[in-house]
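Participant: Can you look at this prediction? I've put the sequence above it.
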Amino acid sequence: MAHQTMLKSPMIGIFRTNMRKMNVALMQRERTHWRKTRPPPRAPNVIRRAVAAVVAGMKTRSQRLLAICAIAAAAAVGQAAGVSQAASAKTVTLRDIAFSPKSLTVSRGATVTFRWRDGDTPHNVTSRGAKRFTSIATRESGSRSRTFTKAGTYRYVCTLHPGMAGRITVR
């Protein structure tokens with residue numbers, strides 16, 4: 001009951017009116033400020049075309065702005081994922097009876113480090129297929145590295161755990 005009387009209080013009405021006035025004033029101020037400042041730097045052509053295609057179907061300014069923000073956020077997430085993948089691209093972790101990542105692409109001359117992080121569970125890295133590298137004996141911890149100098153696809157498995165397989169593509 002007290003909650004309903006609070007909503008109908010004259011102070012609440014005055015507060016709402018003042019908030020609306022402040023919001024309108026801020027929006028007008030933002031519009032004039034935007035016109036006075038330089039336009040932001042232009043995005044690459046691919047992004048501009050994608051934004052133009054999406055925004056063409058939008059009727060209101062807020063819909064267009066929301067679409068542009070969504071595209072920008074997706075691009076930022078894609079860049080962050082690319083950076084983290086590049087930073088960890090040369091390490092294969094053996095954990096939870098799996099290789100992580102299962103497939104990896106590196107350039108010629110790159111060194112890939114295999115890291116054991118599966119507690120007391122033993123694993124090995126045995127090269128299989130047409131392109132081979134020196135296999136790594138069974139162990140429970142530590143790390144071993146291999147350098148890939150020739151282009152091709154190198155497949156490997158853990159012979160102790162069926163289904164535990166991976167692939168390194170050298171370009």
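Facilitator: Arrived safely. Predicted, not measured: the structure shown is a model, and the values here were computed from it.

Participant: so what are the domain limits for this protein?
Facilitator: 44-87, 91-170 (automatic domain parsing).

Participant: and those domains as TSV, adding distance to residue 16?
Facilitator: Bear in mind the C-beta positions are built from the backbone N, C-alpha and C, glycine included. Formatted as TSV, those follow (distance: least, C-beta to C-beta, whole Å):
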stretch	distance to residue 16
domain 44-87	21
domain 91-170	54
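
Participant: Could you tell me the least trusted of those?
Facilitator: Mean pLDDT values for these show the minimum at domain 44-87, a mean of 61.

Participant: Dump the domains of the chain into TSV; add mean neighbour count as well.
Facilitator: Shown next, in TSV, are the domains of the chain (neighbours: other C-beta atoms under 10 Å):
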stretch	mean neighbour count
domain 44-87	11
domain 91-170	15
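
Participant: so where do the strands sit in this structure?
Facilitator: Assigned by DSSP state E, the strands in the chain fall at 91-94, 99-100, 103-106, 110-116, 123-128, 136-139, 142-148, 152-157, 165-170.

Participant: other SSEs contacting the shortest one?
Facilitator: In this structure, strand 99-100 makes packing contacts with strand 91-94, judged by 3 or more C-beta pairs under 8 Å, 6 or more residues apart in numbering; DSSP states H and E.

Participant: Sheet partners, orientation included, of the strand it packs on?
Facilitator: strand 99-100 (antiparallel), strand 110-116 (parallel) (DSSP bridges).

Participant: now these as JSON lines including distance to residue 62?
Facilitator: What follows is the strands paired with strand 91-94, written out as JSON lines (distance: least, C-beta to C-beta, whole Å):
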{"stretch": "strand 99-100", "distance to residue 62": "42"}
{"stretch": "strand 110-116", "distance to residue 62": "48"}
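
Participant: can you tell me which of these comes nearest to residue 123?
Facilitator: Across the strands paired with strand 91-94, residue 123 has its closest neighbour in strand 110-116 (6.3 Å, C-beta to C-beta).
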